[in-house]
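K.L.:
What shape does this take:
(4 chains)
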Number of protein chains: 2
Amino acid sequence: MASPREAFSVPALSLCPNSKAAVHCDQCRVRSLSICGALESGELSELDRLSRPLSLGARETMFEQDELAESVFNITSGSARLYRLLPDGRRQIVGFALPGDFLGLALTERNTFSADALTPLTACQFSRNAFSDFLDTKPHLLRKLHSLASHELSLAQEQMVILGRRTAEEKVAAFLIGLRKRWARLSTSSSVTIPLPMTRQDIGDFLGLTVETVSRMLTRLAREKAILIVPDGVRLLDVARIEGLAEM
Amino acid sequence: MASPREAFSVPALSLCPNSKAAVHCDQCRVRSLSICGALESGELSELDRLSRPLSLGARETMFEQDELAESVFNITSGSARLYRLLPDGRRQIVGFALPGDFLGLALTERNTFSADALTPLTACQFSRNAFSDFLDTKPHLLRKLHSLASHELSLAQEQMVILGRRTAEEKVAAFLIGLRKRWARLSTSSSVTIPLPMTRQDIGDFLGLTVETVSRMLTRLAREKAILIVPDGVRLLDVARIEGLAEM
DNA sequence: CAGAATTGTTGATCTGCGTCAAGGACAGCA
DNA sequence: TGCTGTCCTTGACGCAGATCAACAATTCTG
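P.N.:
As a prediction, this is how the structure comes out:
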């Protein structure tokens, strides 16, 4: 890629509501783990010992579909795209991972999708076996993991509705609203500017559209003063309008 | 519905690989539970005591989206459709439930979709709280549940690929192959006839197509001698052809 | 059994989005 | 600075599938 976008990294500390205490990031790699709300003291450091840091450049791959799943990941900064490929090259992006997101919570034998970095990315990497063993000793954690997976499932069903029953304009609006909500959880400022670390092509492959259609819909929304297109992002001007399209 | 289709019920016993012993169905309502492979002796009857039988006619509703989820279900005969509605009435079917399938494994506070019976249907119904409490005492069961949910997630992602990146003909072919695999697991005979308890409209709402397009694609496949349309089902004549379309 | 309601099929026509093509903007690099 | 490779945008055109319409088949209802 000619223009790697900014990482939009988020300080790990801000991700975990119950660990606001000032600690060094070196010592708390896993603090940003989305399951940390379910962690008891001591378990955190135990988990920390299982993890090793991972650092990737834009476009580098984290893991590939159908490979044996040897690791689980927790993203600490940057973002990734998760996708499946059809034999003839058609691609469906099944999701985007942002800081704080957990990859591999399904704990399946093999990866059900590929993942690569959209931006320079850092993550905590755990051996899947070690993580799984750790879980066996912590039922409440498994519970949390299951509830995360359930939430994923719900999002996947929501995406089915978007893919199957919405127009191009509604798809793009729903995408923006969904992403806005996720970014909002990561930052204190409720900015109306939505970072878009992915390309138009990626958005298209997520929404079941072509690059051109994504571009046209964004342009149309911008022409109607509903959004403003900024470098590597979009600023919402008429939130109600976009939300209306998204939930219609 | 004017014409409730046959229930295509499957004897509960056949659903659980490790409970082939001859027992009365009265005594083993939960034997068909898809998690029973993870059950130890004694737990089964314990679980059985938590369940109560449910019997519904075609088109009767099991539960509705956004309602508080008070029960989890295990279908013993008949089939159901699971769907989400958009405010304007557009509908996306997120899945079909067959005998042996478990509904509510996400254990979420509220239902993320509605479910109603396609045919006369029987199920074991559990109080969600009781079931959840039971799980707390059986970590290995939770593990199994999580792996089922993970499989669901993988299927949902597969459906995303189908919805986002496949042509109408490929969608219909993939639907037939997917359903065939699921029916096959439920019956000893590897019949090439696939029961279709759902209407063309339902298939369309599952695949992101209109009734007419579903009908046309089925007719086209039949004209090309790839399938034979029979009452309430389809018989595969050229399996390779359909499989080719499905995975292309 | 007639009549109504629902489902399924088929044809004619329309249209949203894909396809194809061209050019602009911008970063990386020599 | 110009060259090159992405990415993004915009326009012209075509087509897969939606829409509209008519009708057949089937089942339900009284």
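K.L.:
for residue A:64, phi and psi?
P.N.:
Phi and psi for residue A:64, reported as degrees, to the nearest 10, are phi -120, psi 150.
K.L.:
for whatever residue of chain A ends up closest to DNA strand C, what are its contacts?
P.N.:
Residue nearest to DNA strand C within chain A (CB to the nearest atom of the strand): residue A:213, separated by 3.1 Å. No exception for glycine: its C-beta is placed from N, CA and C like everyone else's. If a contact means CB atoms under 8 Å, 6 or more residues apart in numbering or on different chains, then residue A:213 has A:168, A:204 as its contacts.
K.L.:
just residue A:201 next, same as before
P.N.:
residue A:211.
K.L.:
Go again with 10 Å.
P.N.:
Contact analysis of residue A:201 by CB atoms under 10 Å, 6 or more residues apart in numbering or on different chains lists A:91, A:93, A:210, A:211, A:214, A:215.
K.L.:
Now the fifth one. Its backbone dihedrals?
P.N.:
For residue A:214, the backbone dihedrals (degrees, to the nearest 10) come out as phi -60, psi -50.
K.L.:
thought it was touching residue A:204?
P.N.:
Yes. The criterion here is CB atoms under 10 Å, and residue A:214 meets it with residue A:204 at 4.7 Å.
K.L.:
Touching both of those two, which residues are there?
P.N.:
Common contacts of residue A:214 and residue A:204, defined by CB under 10 Å, 6+ apart, comprise A:168, A:171, A:172.
K.L.:
Are the longest helix along chain A and DNA strand D in contact anywhere?
P.N.:
If you go by DSSP state H, chain A has its longest helix at helix A:139-165. No. Using CB under 7 Å from any atom of the strand, helix A:139-165 stays clear of DNA strand D, with a minimum separation of 8.9 Å.
K.L.:
picking that back up, which element, helix or strand, includes the residue of chain A closest to DNA strand C?
P.N.:
helix A:211-223 (DSSP states H and E).
K.L.:
contacting residues for residue A:131?
P.N.:
Contacts of residue A:131 by CB under 10 Å, 6+ apart are A:47, A:50, A:51, A:71, A:72, A:104, A:105, A:107, A:125, A:141, A:145.
K.L.:
Could you rerun that using 8 Å?
P.N.:
Contacts of residue A:131 (CB under 8 Å, 6+ apart): A:50, A:72.
K.L.:
Would you mind measuring from it to residue A:56?
P.N.:
For residue A:131, the distance to residue A:56 (CB to CB, to the nearest Å) stands at 20 Å.
K.L.:
Just the buried positions in stretch A:135-151, please.
P.N.:
For stretch A:135-151, burial by neighbour count (16 or more other CB atoms under 10 Å in any protein chain shown) applies to A:135, A:138-139, A:141-150.
K.L.:
any bit of that stretch sitting next to chain B?
P.N.:
Yes. Interface with chain B: stretch A:135-151 contributes A:136, A:139, A:142, A:143, A:145, A:146, A:147, A:149, A:150, A:151 (CB under 8 Å from any CB of the partner chain).
K.L.:
Alright, calling it a day.
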